[in-house]
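Peer 1: Model the following, please.
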Amino acid sequence: MTIIRTFEGRQPGTALPKSTIDTQMHMYLPEFPGQEGGPPLPEDAPGPDEYRRLMQWLGIGRVVITQGNAHQRDNGNLVACLRAMGPAAKGVAVITRQTSPDQLQELAEAGVVGARIMDLPGGAVDLSHLEEVDDMASQLGWCIAIQFDGSRLLEHEQRLSGLKSRWIFDHHGKFFAGVTPDSPQIDALKRLIDRGRCWFKFAGCYESSRSGGPDFEDIAAVARAMAAHAPERIIWGTNWPHNNAKTTADYPDDAALLDTVLSWLPSEEARYKALVTNPEELFGFAPANR
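Peer 2: This is a model prediction of the structure:
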């Protein structure tokens, strides 16, 4: 084994509300192999039991499970994980026109409330399917989680502005070429958010940061700007189990990462929105008692 995952340790300095929703993570069950066209399953492929240990450590109350690229368009693992996690979990699946009505019904009954577009290597459904997935998601009342190289956001702004579904610009936008709060891509992101259907997810900052950890200052500058612009449109996720980490040395300290990322939100009220009320609204969780 080349990677040892951590499920306990120093408590985060930021105390999470008990109903906090982790909106970005993957989990796996051993009976579901990886599918052709996707990346390999992560080493040791952690599942519901391991994730519950992380929830207890960090103080997470609820979760959105996202279909992993390793399983491509086969949502069987996702459905099984949702059933294992029970009412605390909802899901984001991969769908296309080839997804049958019976399959869509099974997904909805399992707790799926969103569809995934991943226009990066290993993704199962790319931006060429955007309008097709949007038609399906809007009819189902689902949102769409969209991930691509945000450096190209200006090329896609018109298409994104026409979406009928609520949608998430995933993983801090993944601006691989680098942006600042004054970049035209960030102006475009603000315009998209102001149209009323776009949310911005804080998750996986290490995947696109050019300045690197532990502060990820390039990602932080944009995150602060977006949180100031639209605190009601920010959501947060752990990005567990950090599939890009291939060795123990690469594996992030989840408590430290949580503290870093949540420090980019300007106030306790903004944190509560990002952790509880914003994802409740977007994913359809029952409102928590504050």
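
Peer 1: which residue ranges form the strands in the protein?
Peer 2: According to DSSP state E, the chain carries its strands in the segments 21-25, 62-66, 89-93, 112-118, 143-147, 167-169, 198-202, 234-236.

Peer 1: need the ones you listed in CSV with mean neighbour count, distance to H156 and mean pLDDT, can you?
Peer 2: (Glycine included, C-beta is placed from N, CA and C.) Formatted as CSV, the strands of the chain follow (neighbours: other CB atoms under 10 Å; distance: least, CB to CB, whole Å; pLDDT from 0 to 100):
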stretch, mean neighbour count, distance to H156, mean pLDDT
strand 21-25, 26, 21, 98
strand 62-66, 27, 21, 98
strand 89-93, 24, 20, 98
strand 112-118, 24, 11, 98
strand 143-147, 24, 9, 98
strand 167-169, 26, 10, 98
strand 198-202, 24, 12, 98
strand 234-236, 25, 20, 98
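
Peer 1: Out of the ones you listed, which gets nearest to P40?
Peer 2: strand 112-118 (16.1 Å; CB to CB).

Peer 1: Give the other helices and strands that the closest one contacts.
Peer 2: Applying 3 or more CB pairs under 8 Å, 6 or more residues apart in numbering; DSSP states H and E, one finds that strand 112-118 contacts helix 76-85, strand 89-93, helix 130-140, strand 143-147.

Peer 1: Nearest to P279, out of those?
Peer 2: strand 89-93 (9.2 Å).

Peer 1: Which strands or helices does that closest one pack on?
Peer 2: By 3+ CB pairs under 8 Å, 6+ apart, strand 89-93 packs against strand 62-66, helix 76-85, helix 101-110, strand 112-118.

Peer 1: so can I have a markdown table of the helices and strands packed on strand 112-118 showing distance to D22?
Peer 2: Shown next, in a markdown table, are the helices and strands packed on strand 112-118 (distance: least, CB to CB, whole Å):
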| stretch | distance to D22 |
| --- | --- |
| helix 76-85 | 11 |
| strand 89-93 | 10 |
| helix 130-140 | 21 |
| strand 143-147 | 14 |
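
Peer 1: ok, P12 to R53 distance?
Peer 2: Distance of P12 to R53, computed by CB to CB, to the nearest Å: 15 Å.

Peer 1: higher neighbour count, the two?
Peer 2: More crowded of P12 and R53, by other CB atoms under 10 Å: P12, with 18 against 14.

Peer 1: since we're on the residue lying closest to the more buried one once chain neighbours are set aside, how many residues are nearby?
Peer 2: Spatially, and ignoring its direct neighbours in sequence, P12 is nearest to A255 (4.4 Å; CB to CB, 6 or more residues apart in numbering). A255 has 19 neighbouring residues, counting by other CB under 10 Å.

Peer 1: Show the model's pLDDT score for A255.
Peer 2: As predicted, A255 sits at a pLDDT of 97.

Peer 1: Once you drop chain neighbours, what's closest to R97?
Peer 2: Nearest one to R97, counting by CB to CB, 6+ apart, is E132 at 5.8 Å.

Peer 1: Test my guess that G284 contacts V113.
Peer 2: Yes. Using CB atoms under 8 Å, G284 is in contact with V113, at 5.4 Å.

Peer 1: so what sits against both of these two?
Peer 2: K90 (CB atoms under 8 Å, 6 or more residues apart in numbering).

Peer 1: how about L120, what does it touch?
Peer 2: Going by CB under 8 Å, 6+ apart, the list of residues near L120 reads Q147, F148, D149, K174.

Peer 1: same question, H242
Peer 2: For H242, the contacting residues are Y251, P252, by CB under 8 Å, 6+ apart.

Peer 1: Can you pull out the residues in contact with whichever helix in the chain runs longest?
Peer 2: If you go by DSSP state H, the chain has its longest helix at helix 217-229. Contact with helix 217-229 is made by 172-173, 175, 178-181, 186, 189-190, 193, 200, 202, 205, 208-211, 233-234, 260-261, 264-266, 270, 274, as judged by CB under 8 Å, 6+ apart.

Peer 1: could you check the angle strand 198-202 makes with it?
Peer 2: 140 degrees (axes from the mean of the first three to the mean of the last three CA atoms, to 10 degrees).
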